[in-house]
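Novice: Structural data only, the sequence is not supplied:
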Ligand SMILES: CSC[C@@H](O)[C@@H](O)C(=O)COP(=O)(O)O
């Protein structure tokens, strides 16, 4: 970890340890998962969340599962492993990193047709470790490229949590902020609280405080008036899935921030590793949007805040059309318009 906050996920012996993000920042509780199904549950209930962190958790669930599969022969092992891959992949639908990670891990099986079960288990574990380590490297590179777009003394607005907690470490949008702050300690950050799960209030504010980066928490509905008062110089957010044309799914409310930024001439950047890009989806209209339990809207930490039985909608993500995005900061550089071309080129790079 780069500052004092705990890492979101790590191996503790043969178990997967997950920092339970549902109870942060007031409790630092570790969930020890000894079975892959426990990791899947932690992804579904958002004990671990953020697209890259969910991808890493998926890979670790598969590594854990590979050691637990009871199989008398390699064929049975592979059949059961494919079933586990499906379960893991379906844990959350919107973030691309999860299916990307599952496919990376599954490629170990495809690439080693003659390997016996113990060798496959070892190779799968190694692949999961590689995915975790690569995510940290990608975030450091995103920070290095991204700091260039942050003006001196900038007031940066970010949304949801795209920090160390949402990745293997360091963060994407927060990685850009960390890298910029290391060179210019006069920058300041506005973190939007991010209803209904409050990733901004609970997680981004906590992480930035740990890193001693000046942060001011705002309600989501004050973004417009803050921009109107020239209070924001640049917006940097993370992403859950980026279509081939640059349309970007991110936490619900990101689209509103992008439209406001456009109206107020504030540059709006997305920071994400290439594992978030889904080149099979031509534009944002085909991105699957997770619908979550309406109780997250009608209740606040288990307490009802709305009239009993009122209907509530709870889409977890929205899509920002590419026209509102100034650039996509990746580990191989900042992608600019036309995104179709720059994305295709970035995906070809090694
Ligand atoms: C580097 S994380 C980028 C995104 O995953 C993040 O902004 C986000 O939308 C997280 O949503 P969540 O529902 O908390 O998993």
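Specialist: Good, I have the coordinates. Nothing here was measured: the structure is a model prediction, and the numbers come from that model.
Novice: if I look at the closest residue to residue 44 other than its chain neighbours, how far off is residue 310?
Specialist: Distance criterion CB to CB, 6 or more residues apart in numbering; nearest residue to residue 44, sequence neighbours excluded, is residue 91 at 5.4 Å. (C-beta placed from N, C-alpha, C; glycine too.) Relative to residue 310, residue 91 is positioned 29 Å away (CB to CB, to the nearest Å).
Novice: circling back to that earlier point, surely the residue nearest to residue 44 meets residue 46?
Specialist: No: counting by CB atoms under 8 Å, residue 91 stays clear of residue 46, with 10.5 Å between them.
Novice: Give me the neighbour count for the residue in the stretch 151-300 of the chain that the ligand sits nearest to.
Specialist: When CB to the nearest ligand atom is the measure, the stretch 151-300 of the chain has its nearest residue to the ligand at residue 238, with 2.6 Å between them. Residue 238: 31 surrounding residues under other CB atoms under 10 Å.
Novice: same deal with residue 74?
Specialist: Residues lying near residue 74 (other CB under 10 Å) number 16.
Novice: circling back: what residues does the residue of the stretch 151-300 of the chain closest to the ligand make contact with?
Specialist: Residues near residue 238 by CB atoms under 8 Å, 6 or more residues apart in numbering: 50-51, 160-162, 166, 171-173, 250-251, 270-272.
Novice: please redo it, this time with the cut-off set to 10 Å
Specialist: Going by CB atoms under 10 Å, 6 or more residues apart in numbering, residue 238 touches 50-52, 142, 158-163, 166-167, 171-176, 248, 250-251, 254, 270-273, 276.
Novice: from these, which would you call buried?
Specialist: 50-52, 142, 158-163, 166-167, 171-176, 248, 250-251, 254, 270-273, 276 (16 or more other CB atoms under 10 Å).
Novice: ok, and of those, which contact the ligand?
Specialist: For the ligand, the contacts drawn from these by CB under 6 Å from any ligand atom are 50, 51, 52, 160, 162, 166, 167, 172, 250, 251.
Novice: Now, those that are in helices?
Specialist: The helices, defined by DSSP state H, take in 51, 52 from these.
Novice: Looking at the ones next to the ligand among the buried ones among the contacts of residue 238, which are in strands?
Specialist: Secondary structure defined by DSSP state E assigns 250, 251 of those to strands.
Novice: Can you tell me which of the ones next to the ligand among the buried ones among the contacts of residue 238 is nearest residue 261?
Specialist: For these, the minimum distance to residue 261 (CB to CB) is 13.1 Å, reached by residue 250.
Novice: contacting residues for the closest residue to that closest one other than its chain neighbours?
Specialist: Spatial nearest neighbour of residue 250, excluding adjacent residues (CB to CB, 6+ apart): residue 239 at 5.1 Å. Contacts of residue 239 were listed using CB under 10 Å, 6+ apart, and they are 51-52, 95-97, 162, 172-173, 248-251, 254, 270-273, 276-277, 317, 320, 325, 328-329.
Novice: so the residue nearest to residue 44 sits in a strand?
Specialist: No: under DSSP: H, G, I helix; E, B strand; the rest coil, residue 91 sits outside any strand and is assigned coil.
Novice: Just give me the neighbour total for it.
Specialist: Quick note: residue 91 (other CB under 10 Å) scores 20 neighbours.
Novice: Ok, residue 86 next?
Specialist: Neighbours of residue 86 (other CB under 10 Å): 10.
Novice: okay, it: pLDDT?
Specialist: Looking at residue 86, its pLDDT is 98.
Novice: so what's the backbone phi/psi at residue 116?
Specialist: phi -80, psi 170 (degrees, to the nearest 10).
Novice: thinking again about what came up before, overlap of the contact sets of residue 91 and residue 46?
Specialist: Residues touching both residue 91 and residue 46 (CB under 10 Å, 6+ apart) are residue 54.
Novice: so what's the nearest residue in space to residue 36 that is not next to it in sequence up against?
Specialist: Using CB to CB, 6+ apart and skipping the chain neighbours, the partner closest in space to residue 36 is residue 65 (3.5 Å). By CB under 10 Å, 6+ apart, residue 65 lies in contact with 35-37, 39-40, 80-81, 83-85, 87-88, 105, 121, 124.
Novice: What subset of those residues is buried?
Specialist: Buried subset of the contacts of residue 65 (neighbour count, 16+ other CB under 10 Å): 36-37, 39-40, 80-81, 84-85, 87-88, 105, 121, 124.
Novice: possible to save the residues you listed as TSV with secondary structure and distance to residue 5?
Specialist: Below are these laid out as TSV (DSSP: H, G, I helix; E, B strand; the rest coil; distance: CB to CB, whole Å):
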residue	secondary structure	distance to residue 5
36	helix	26
37	helix	27
39	helix	21
40	helix	25
80	helix	37
81	helix	34
84	helix	31
85	helix	31
87	helix	30
88	helix	26
105	helix	27
121	helix	32
124	helix	29
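Novice: who's in contact with residue 338?
Specialist: By CB under 10 Å, 6+ apart, the residues touching residue 338 are 245, 246, 322, 344.
Novice: buried subset of these?
Specialist: Judged by 16+ other CB under 10 Å, buried ones among these: 245, 246, 322.
Novice: rewinding a little: quick one: the residue nearest to residue 44 and residue 286, what's the gap?
Specialist: 20 Å.
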